[in-house]
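Chemist: my questions are about this predicted structure, shown below with the sequence.
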Amino acid sequence: MLNIAILLIAILCIFFILTMLVSFAFGISKLLLKILGCILLALFILFLFKILSPLIALLVSALVLLCVYKC
């Protein structure tokens, strides 16, 4: 279960990096990028609630959210 969560976090980080590259290439605004990030994060949290306990899912999603808004 923990390996699946780590893999999902890695996929999420790769997706955000690709999204940032696309936004810089096509001139998409930062607001749209954050909206896309929030939608993806919500889906990610819902998936984590299914495979992990709710407390671990909240901690992981909080860490991902901090990483997203620090960038």
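Modeler: Alright, I've got the coordinates.
Chemist: for residue 36, helix, strand, or coil?
Modeler: Secondary structure, DSSP: H, G, I helix; E, B strand; the rest coil: residue 36 is helix.
Chemist: distance of it from residue 63?
Modeler: Distance of residue 36 to residue 63, computed by CB to CB, to the nearest Å: 19 Å. All C-beta spots, glycine's among them, are computed from the backbone N, C-alpha and C.
Chemist: same deal with residue 39?
Modeler: For residue 39, the distance to residue 63 - CB to CB - is 18 Å.
Chemist: same deal with residue 14?
Modeler: With CB to CB as the criterion, residue 14 and residue 63 are 16 Å apart.
Chemist: for residue 40, same thing?
Modeler: 15 Å.
Chemist: who's more crowded, the two?
Modeler: Of the pair residue 40 and residue 63, residue 40 is the one with more neighbours under other CB atoms under 10 Å, namely 16 against 11.
Chemist: since that was my last question, I'll sign off now.
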